[in-house]
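Undergrad: With the input below, show me the fold.
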Amino acid sequence: MPSTICSDMHISSKIKLTQEELANICGISRVTLGKVEKGELGNTSVKTLDLILDSLGFEIEFKTKQNFGLPSLDEL
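TA: Got it, this is the predicted structure:
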């Protein structure tokens, strides 16, 4: 199961920063960070998620889907 940015613990508390401090480092509002922590992504941009992840030492990786996301006969 892939890990997600939203877990049972708030991301800001995992790195010993307040939401306000982490939001300032990311250049986003504390409200936006709080929504991301709660999984309320709504219209949150990939750029915003990238800013948060970059501040935490992570990156977004995009992978192409082949065969419309369906397994090939060899994979079955």
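Undergrad: contacting residues for residue 76?
TA: Contacts for residue 76 (Cβ atoms under 8 Å, 6 or more residues apart in numbering) come out as none. For glycine as for every other residue, the C-beta is placed from the backbone atoms N, C-alpha and C.
Undergrad: Next, the buried residues of the longest helix seen in the chain.
TA: In the chain, taking DSSP state H as the definition, the longest helix is helix 46-55. For helix 46-55, the neighbour count (16 or more other Cβ atoms under 10 Å) marks 48, 49, 51, 52, 55 as buried.
Undergrad: same deal with stretch 66-76?
TA: Judged by neighbour count (16+ other Cβ under 10 Å), stretch 66-76 contains no buried residues.
Undergrad: per-residue pLDDT, residue 53?
TA: Here the pLDDT value assigned to residue 53 is 89.
Undergrad: surely it meets residue 47?
TA: No: the criterion here is Cβ atoms under 8 Å, and residue 53 misses it with residue 47 at 10.8 Å.
Undergrad: which other residues reach the longest helix of the chain?
TA: Outside helix 46-55, the residues that touch it by Cβ under 8 Å, 6+ apart are 5, 11, 22, 25-28, 32-33, 36, 41, 59-60.
Undergrad: Centre of the chain to stretch 16-33, how far?
TA: 14 Å (Cα atoms, centre = their mean, to the nearest Å).
Undergrad: Surely residue 15 touches residue 26?
TA: No: between residue 15 and residue 26 there is no contact under Cβ under 8 Å: 11.8 Å.
Undergrad: Between the two, point out the one with more neighbours.
TA: The neighbour count for residue 15 versus residue 26, taken as other Cβ atoms under 10 Å, is higher for residue 26 (21 against 13).
Undergrad: Next one, pLDDT for residue 2 please.
TA: pLDDT, residue 2: 42.
Undergrad: Then residue 44?
TA: If you check residue 44, the pLDDT there is 90.
Undergrad: Which helix or which strand is home to it?
TA: Using DSSP states H and E, residue 44 sits in no helix or strand.
Undergrad: Excluding covalently adjacent residues, which one is nearest to it?
TA: Distances taken as Cβ to Cβ, 6 or more residues apart in numbering place residue 36 nearest to residue 44, at 6.1 Å, with adjacent residues excluded.
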